[in-house]
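> Sequence first, then the predicted structure:
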Amino acid sequence: MALSVRLNLLSSSISRSTASSSSSLPSNAVIIVSSTIPSVSFFSSKPSLLASPKLPLRASRFSSIKASLSSSSSAAIAEPEGIKINSIPTKPIEGQKTGTSGLRKKAKVFMQENYLANWIQALFNSLPPEDYKNGLLVLGGDGRYFNREAAQIIIKIAAGNGVGKVLVGKEGILSTPAVSAVIRNRKANGGFIMSASHNPGGPEYDWGIKFNYNSGQPAPESITDKIYGNTLSINEIKVADIPDVDLSRLGVTKYGNFSVEVVDPVSDYLELLEIVFDFQLIKSLLSRSNFRFIFDAMHAVTGAYAKPIFVDKLGASLDSILNGVPLEDFGHGHPDPNLTYAKELVDIMYGENGPDFGAASDGDGDRNMILGQGFFVTPSDSVAIIAANAQEAIPYFRSGPKGLARSMPTSGALDRVAEKLNLPFFEVPTGWKFFGNLMDAGKLSICGEESFGTGSDHIREKDGIWAVLAWISIIAYRNKDKKLGEKLVSVADVVKEHWAIYGRNFFSRYDYEECESEGANKMIEYLRDLVSKSKPGEKYGSYALQFADDFKYTDPVDGSVVSKQGVRFVFTDGSRIIYRLSGTGSAGATVRVYIEQFEPDVSKHDVDAQTALKPLIDLALSISKLKDFTGREKPTVIT
């Protein structure tokens, strides 16, 4: 087997427990295993729950790093104290351009010869040496297929490039918001997140990787562009000659002047949440006999966090956690918390005598869905309602939010809250990194995206569990003086009260997943041409055009400019139609169409959104000629 092929996977998944035993360690290795840190068990001890039983064994596909490094094709390079570093020859691989949230492809693509290793080395080639040399990097992921093997690859390349220490979650587990929290709490130089977020997992599905900087936010485009450039010219990979690290044991393993610390994935993150929220207030609601709560972890990463937080800390019953065991293939599900893919939870909440409050989170724990009994809260409304109630219900915002922001396609509900509260407001492109700059500059506290992402400046990522706790805090605050037997203020009550004050922004998104890229791109080019010829006052059916454009954003903090962020048609009554190609998929193109209409009349607020928006939806499909370009009759998902 060629050396470069061996490097591709670096080590055997079977050897991850045996390679790090004392008998196989080199003489320069020292293991310090903590006996004082309590172990957090989030995988079942039953073999069938460690991964889907149908997932193929991978032992035969992974070769020993020791064998790879002994090949004559590798060359020893400058070695840090006590570690042998080898230079492994490689060649550029096409298709490694980072999207909105990192590099995402099918798992089998990442498992090809040197694919992941090339990208990781290209990252180190793109960073200033002071950003990682002898520094601390964090590593974690959502538990999906290939994460454990990928973790070993990343650790060895990090050591090979002079990183001083890697801090990794037990079993390679760390949710995306937890990675951000750990980076900030431990003052790390940055961190790797192994996740394809809400995309399906398993041998036939998706895998992803992204890098977050020392503030905990995703790397800016200035860095991701450099990474891509370096993937086009890479010729070597620097790899440390060390065995696999046992990720199942908490503690520190040292190899010369390089070390790996395996940590409890929950503790840093939970410590932060206890500062942000009034846990006693939340516990007073979750422990009420007349309040029922359910959280769907969707067999994804928040299954590792649900019991320690909701059950152990906040007093919810154990049976309130649904699909709470993380699985490598998410139980054959699609871990995207929306009305389509979280159908099991939706059916429970809309069923006879459903729970009072329901929530779900996605693959890597940064998205959320909020439901009341028979009632769905749109993400656009959710962030607006959190912002409107944050100061009184959440201790972290006791002095009031610094500012509010939303992504451009998100409805204008948050704009109205910012105006009423006299707060600075920002409209940014899709992508959490744009919020991060505003947060670091002290301009922003609460923000959200219509794609089920909500968060605040407690970290630099969107945060699913944070959003759930924010909502429970609001409901708990509204009911703190209610005696047993009194009717509680419900999720629907809170939302309808908000609409009565601010008006309702009817909003819907149509997703057409895995379209042929050629047709989707032609549709967007057609719309851009239409925009270039449009004039204010033009009639589109019964709507008069206020303006049409392709959204362009100038960052108020660093002056950077991004363009072509979504084609917008904005009408004189405030209605909007927006078209975007999503950057979060791994195959083909996802076309997203956003439709919004403001309604101030309270008597019309109870109309179903699809009914209220039908004329605008029909117009959106007509303007874009979507069926002609994509061949799609119906959307994959409607939210």
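Great, that's in hand.
> how much space between the spatially most central residue of the chain and K187?
In the chain, the centroid-proximal residue (C-alpha atoms, centre = their mean) is D366; its distance is 4.1 Å. Going from D366 to K187 by C-beta to C-beta, to the nearest Å gives 22 Å. Quick note: C-beta positions are derived from backbone N, CA and C, even for glycine.
> what's the weakest-modelled helix or strand in the chain?
helix 47-50 (a mean of 26; mean pLDDT, DSSP states H and E).
> Let me know the secondary structure of A548.
strand (DSSP: H, G, I helix; E, B strand; the rest coil).
> list the contacts for L421?
L421 is in contact with 387-388, 400-401, counting by C-beta atoms under 8 Å, 6 or more residues apart in numbering.
> Closest to F375 out of those?
A388 (17.6 Å; C-beta to C-beta).
> and the helix or strand harbouring that closest one, what other elements does it pack with?
In the assignment (DSSP states H and E), A388 maps to helix 379-393. Secondary-structure packing of helix 379-393 (3 or more C-beta pairs under 8 Å, 6 or more residues apart in numbering; DSSP states H and E): strand 368-372, strand 404-407, helix 413-420, strand 446-449, strand 453-456, helix 464-478, helix 491-502, strand 504-515.
> Distance from it to the middle of the chain?
Centre-to-centre, helix 379-393 and its host chain are 20 Å apart (C-alpha atoms, centre = their mean, to the nearest Å).
> now it: mean pLDDT?
Averaging pLDDT along helix 379-393 gives 98.
> then stretch 411-429 to PDB, C-alphas only?
In PDB, the C-alpha atoms belonging to stretch 411-429 read as follows (Å, rounded to 0.1, in the frame of the first residue of the first chain):
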ATOM      1  CA  SER A 411     -37.900  38.100   8.800                       C
ATOM      2  CA  GLY A 412     -38.100  41.700  10.000                       C
ATOM      3  CA  ALA A 413     -39.700  40.700  13.300                       C
ATOM      4  CA  LEU A 414     -36.400  41.400  15.100                       C
ATOM      5  CA  ASP A 415     -36.100  44.800  13.400                       C
ATOM      6  CA  ARG A 416     -39.300  46.000  15.200                       C
ATOM      7  CA  VAL A 417     -38.000  44.900  18.600                       C
ATOM      8  CA  ALA A 418     -34.800  46.800  18.000                       C
ATOM      9  CA  GLU A 419     -36.800  49.900  17.000                       C
ATOM     10  CA  LYS A 420     -39.100  49.700  20.000                       C
ATOM     11  CA  LEU A 421     -36.200  49.100  22.500                       C
ATOM     12  CA  ASN A 422     -34.100  51.800  20.800                       C
ATOM     13  CA  LEU A 423     -31.200  49.300  20.200                       C
ATOM     14  CA  PRO A 424     -28.600  49.200  17.500                       C
ATOM     15  CA  PHE A 425     -29.600  46.800  14.700                       C
ATOM     16  CA  PHE A 426     -27.700  45.000  12.000                       C
ATOM     17  CA  GLU A 427     -28.700  43.000   8.900                       C
ATOM     18  CA  VAL A 428     -25.800  40.600   7.900                       C
ATOM     19  CA  PRO A 429     -25.300  37.800   5.300                       C
END
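> Now it: buried residues?
Using 16 or more other C-beta atoms under 10 Å as the test for burial, stretch 411-429 gives 411-418, 423, 425-429.
> and if you look at stretch 426-446?
426-440, 443-446.
> Check stretch 511-528 too.
For stretch 511-528, burial by neighbour count (16+ other C-beta under 10 Å) applies to 511-513, 515, 519-520, 523-524, 526-527.
> Stretch 631-639 now?
Neighbour-count burial for stretch 631-639 [16+ other C-beta under 10 Å]: 632, 635, 637, 639.
> Repeat that for stretch 612-626.
For stretch 612-626, a neighbour-count test (16+ other C-beta under 10 Å) marks 612-613, 616-617, 619-621, 623-624, 626 as buried.
> now, which of the residues you listed sits nearest A196?
Checking these against A196 with C-beta to C-beta, the nearest one is L626 at 25.8 Å.
> And the pLDDT for the residue nearest to A159 when sequence neighbours are not counted?
Spatially, and ignoring its direct neighbours in sequence, A159 is nearest to A240 (3.5 Å; C-beta to C-beta, 6 or more residues apart in numbering). pLDDT recorded at A240 is 97.
> where along the stretch 501-639 of the chain do the helices fall?
Here the stretch 501-639 of the chain has its helices, by DSSP state H, counting those that start in this stretch, at 517-533, 609-624, 626-630.
> separation between L232 and L123?
14 Å.
> follow-up on the earlier one: can you redo the helices and strands packed on helix 379-393 as CSV with distance to D336?
Putting the helices and strands packed on helix 379-393 into CSV (distance: least, C-beta to C-beta, whole Å) gives the following:
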stretch, distance to D336
strand 368-372, 9
strand 404-407, 17
helix 413-420, 22
strand 446-449, 14
strand 453-456, 12
helix 464-478, 12
helix 491-502, 21
strand 504-515, 10
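> ok, and for stretch 132-142, which residues are buried?
For stretch 132-142, by 16+ other C-beta under 10 Å, it's 132, 135-142.
> If you could redo that for stretch 223-237, that was the one I meant.
Neighbour-count burial for stretch 223-237 flags 223-224, 226-228, 230-231, 234, 237 (criterion: 16+ other C-beta under 10 Å).
> Could you tell me which of the buried residues of stretch 426-446 are located in strands?
Secondary-structure check on those using DSSP state E: residues within strands are 426-428, 446.
> could those residues go into a markdown table alongside pLDDT?
What follows is these, written out as a markdown table (pLDDT from 0 to 100):
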| residue | pLDDT |
| --- | --- |
| F426 | 98 |
| E427 | 97 |
| V428 | 96 |
| I446 | 98 |
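> of those residues, closest to A158?
Distances from A158 to these, taken by C-beta to C-beta, are shortest for V428, at 31.4 Å.
> Surely that closest one touches G436?
No: under the criterion of C-beta atoms under 8 Å, V428 makes no contact with G436, lying 10.1 Å away.
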